[in-house]
Each structure stands twice: as structure tokens, then as C-alpha cells.
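K.L.:
Starting from these lines, generate the structure:
(one chain, ligands or ions: 2)
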Amino acid sequence: MAKPVSIEVWNPNGKYRVVSTKPMPGTRWINLLIEQDCRVEICTEKKTILSVEDIIALIGNKCDGVIGQLTEDWGEVLFSALRRAGGTAFSNMAVGYNNVDVNAANKYGVAVGNTPGVLTETTAELAASLSLSAARRIVEADEFMRAGLYDGWLPNLFVGNLLKGQTVGVIGAGRIGSAYARMMVEGFKMNLIYYDLYQATRLEKFVTAYAEFLKASGEKPVTWKRASSMEEVLREADVISLHPVLDKTTYHLVNKERLAIMKKEAILVNCSRGPVVDEVALVEHLRENPMFRVGLDVFEDEPFMKPGLADMKNAIVVPHIASASKWTREGMATLAALNVLGKIKGYPLWSDPNRVEPFLNPNVPPPAASPSIVNSKALGLPVSKL
Ligand SMILES: NC(=O)C1=CN([C@@H]2O[C@H](COP(=O)(O)OP(=O)(O)OC[C@H]3O[C@@H](n4cnc5c(N)ncnc54)[C@H](O)[C@@H]3O)[C@@H](O)[C@H]2O)C=CC1
Ligand SMILES: O=C(O)C(=O)CO
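P.N.:
Ligands and ions are numbered 1, 2, ... in the order given. Take a look at the predicted model:
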């Protein structure tokens, strides 16, 4: 039996009981729930990752909805517990929901929300930061400086790669992959090659228009290409950034064989999910190819790194912070809360999960809709006309 977990309670007399497994940034999300007669309970347990047992204890005997985190294992056990407690609403505070067994949620009639859109630019900016940091060896140079090793300018000191005119490769050109591609093409005048199951039409139009602009200004135009295989991207690109969802098709998408076809001085960035890369193979590749560099926000066995990774000078590692801007994290909390609230109140689903701005303006009440429910079709939820 799990120990009771510590909680903070807001609006104790609220009709609907909504639990958040973590404190989340900002207060708007709490106020929006309270205004709609919710009692909000926030888990304040010091432990970073809650176990299934901890969450069962949080759900208790009566719970209308839960806001959860990507570190939690939302499957059969939790969805059945939530349903037994009378709940029909869950939302991840994340766009990725590979920690959620959606079939299990469907079985118990629980809506599964996620938070697309609000983190697109923030996440793409971190991928761009990792790309630049790797190309210009910023972390190594910073460590060198702090260690007191700098004793004067040298022609060969921390020489890195110029991005202008090189090729950026994007695997998974959805919301974040496309935003990243635009930053690298427009910001650094890189040529684009991308691989996705679907054509990224808006991205292609953007690069075409930007190329026209450059040409009209007398500059060399950038180019784009949709690759017919992932290998084509790996072979041709100088900087490759991974942005697909994590599912069976993308597990170990980058493995030993695929690392071997990349350029010896290429840069690989991963801001999607750790298991998209075979991290053991990556450590070996980094060891054998000192000019190959990586920027990693996510890890295969998060929060752990595979042995050897932390020792590699050609790896930059940060702790899953790609969406960590204040505006984004507060917006994610708001979208997650509104997903849960919308289901509890019987609101329809917002018609376009890529257009979430109307939910994020703090000066205007949000639309009476759930911003993004990934299993809405399976549950037969109505769609808003707005
Ligand atoms: N590191 C972090 O903090 C963050 C990580 N993420 C991760 O990024 C992922 C992508 O997010 P969005 O861009 O909003 O999602 P999205 O759904 O707009 O884009 C994902 C793209 O991946 C493509 N894709 C799927 N399977 C593929 C395959 N086998 N090969 C190539 N492409 C494939 C899809 O067609 C789609 O275009 C999330 O699912 C999440 O796991 C998202 C936000 C923050
Ligand atoms: O939203 C996600 O999927 C994350 O990884 C955290 O922002």
C-alpha cells in the first residue's frame, strides 16, 4: 500500500475534484479551474517521479480528472483507478504522450489531453541553441575559460563549423521540426533537406519565398529538398535535428548503421524523445569520431545517461528543458487544465489543436472547449464550431 502523498488544496468546497500530480507554473490554470467550481489538489511530494502507487493514492475514491506529467506511466492500472473514482478526464502537461496507453484510456472512456502549439517555438529555439552550441563548441570553450586555461588568442583555438551555406536536415517536419527548420534556414542561410511521412507544404513554401527574397537582394538563394528516405538526410546534412513523435516506427531510428552514414563532422540534435536514438551506439560513435558532435535534451533511460556519455567532450547534454520558457510552461499548464475542465463540463473539442492562442490570452476568458484531446474520435467527442 502506497504512503499517502502530500497535497495542497485550493477551493476545498468545489464540486469537481481535479488533481495535478505536480505543482505547475503560474496561477491562471488554478484560477480557471476554481472559477468553474473545481476543488484543485496539487501533489507537493518532494519525489520527482511519482510511482503508479503514488498516483493511485492521489486519485483516491472520488476524482473527476487528473493533470499528469510525461514522467508517469499512464496505462491500464491508472485509467481503471481513475474510472473507478468517477473520472473521465486526463491530460498530460506535454505535447508528447508516449507515456500514455491511449487504448487503455479508450477502454475506460477517459479523454487524453495534450498541449500542442504552445511549446513549438520554445522547443525549436532550444534545438537551434544546441545546434549552435555544438557547431561553435560553446560548452567546451566555457569550461576551458572557467578552468583558467585561456592564456591568449590562438588561430586554432576552438575552431568549429560555419553554418551559413551548409545543409540542415530535419527528421520529422511537424510543428516543431518545421519551426526549427525555418530558424536555421532564415537565421543562418542554411539549405534544407527534410524527411517526414507527410509533405511539409507550408515549410516548403516558406523556404521558396525566402530563396526568392535572397535572390532579389543579390544573395545566394537557399534551397530545400524533401528526401525520399531518412538515409538521404543523414548522408547529405551537416546538422541533423530529430523531431518525430516516439512510437514503434521511430524507436532507435538513429542506430549504429545510420550513424555510420553521417558525415564525420556532422552535428546531431535530439529534442524529441531519448529512445529515438540508440544511445549506446551513439556513445561509441562519439568516441570513435571526435569531430562528430551532439546536442541532447532527451535520453534513452531518462533521467539517466548511458555509460560514457557524460565523459564525451563532443556531447552537449541538458536535462529535458526544451519547452522550458516561462510563457510556454504557463501555457502548457493552462492547456492541460482546460483539457480536463472541458471534458468534465461536457464542452466540445476545439476544432484545431494547432491554433491554441485563444486559450492563452490572460485578459480574455478561454473558449468553452477542450484545446486538444488525442482520443476524441475513439470516444466520439463532439467538435466545436468555433
Ligand atoms: N524535448 C522536449 O522538451 C520536447 C519534446 N517534444 C517531442 O517532440 C515531438 C514532436 O512534437 P510536434 O512537432 O508538436 O509534433 P507533430 O505531430 O507536429 O510532429 C511530429 C512529426 O513527426 C512525423 N513522423 C512521425 N513518424 C515519423 C517517422 N517514422 N519518420 C519521420 N517522421 C515521422 C509526423 O509525420 C509529424 O510531422 C513530440 O511528440 C514530443 O515527443 C515536444 C516538445 C518538447
Ligand atoms: O511536451 C513535451 O512533449 C515535452 O517533452 C515537454 O515539453
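K.L.:
residue ranges for the helices of the stretch 101-250 of the chain, please.
P.N.:
For the stretch 101-250 of the chain, the helices defined by DSSP state H, counting those that start in this stretch cover 102-107, 120-135, 138-146, 175-188, 201-216, 230-236.
K.L.:
Now mean pLDDT and mean neighbour count too, for these, in CSV please.
P.N.:
For the C-beta atoms, the positions are set from N, CA and C on the backbone; glycine is no exception. Shown next, in CSV, are those (pLDDT from 0 to 100; neighbours: other C-beta atoms under 10 Å):
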stretch, mean pLDDT, mean neighbour count
helix 102-107, 98, 17
helix 120-135, 98, 23
helix 138-146, 98, 13
helix 175-188, 98, 22
helix 201-216, 98, 15
helix 230-236, 98, 19
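K.L.:
mind checking which of those helices is nearest ligand 2?
P.N.:
Closest to ligand 2 of those is helix 120-135 (C-beta to the nearest ligand atom; 6.7 Å).
K.L.:
quick one, what contacts Leu296?
P.N.:
The contact partners of Leu296, by C-beta atoms under 8 Å, 6 or more residues apart in numbering, come to Leu130, Val269, Asn270, Gly274, Val277, Leu309, Ala315, Ile316, Val317, Val318.
K.L.:
Stretch 227-245 and ligand 1, any residue contact?
P.N.:
Yes: using C-beta under 6 Å from any ligand atom, stretch 227-245 reaches ligand 1 at His243, Pro244, Val245.
K.L.:
Which of the residues you listed has the largest number of neighbours?
P.N.:
Each of those was scored for neighbours by other C-beta atoms under 10 Å, and His243 scores highest at 26 neighbours.
K.L.:
hang on, isn't it packed against Tyr180?
P.N.:
Yes: the pair His243 / Tyr180 is scored as a contact, 6.5 Å apart, by C-beta atoms under 8 Å.
K.L.:
export the helices of the stretch 101-250 of the chain to TSV and tack on distance to Pro23?
P.N.:
Formatted as TSV, the helices of the stretch 101-250 of the chain follow (distance: least, C-beta to C-beta, whole Å):
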stretch	distance to Pro23
helix 102-107	24
helix 120-135	20
helix 138-146	30
helix 175-188	25
helix 201-216	36
helix 230-236	39
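K.L.:
what about Ile67, which helix or strand?
P.N.:
strand 65-68 (DSSP states H and E).
K.L.:
interface residues of the chain facing ligand 2?
P.N.:
Within the chain, the residues that sit near ligand 2 (C-beta under 6 Å from any ligand atom) are Leu70, Ala94, Val95, Gly96, Leu119, Ser323.
K.L.:
In the record's domain split, what are the boundaries for this structure?
P.N.:
Annotated domains of the chain cover 7-114+346-379, 120-317 [the TED database].
K.L.:
first vs last residue of the last one, how far apart are they?
P.N.:
Taking C-alpha to C-alpha, to the nearest Å, domain 120-317 runs 20 Å from one end to the other.
K.L.:
from what I can see Tyr180 touches Val239, true?
P.N.:
No: Tyr180 is not in contact with Val239 according to C-beta under 8 Å; the separation is 10.1 Å.
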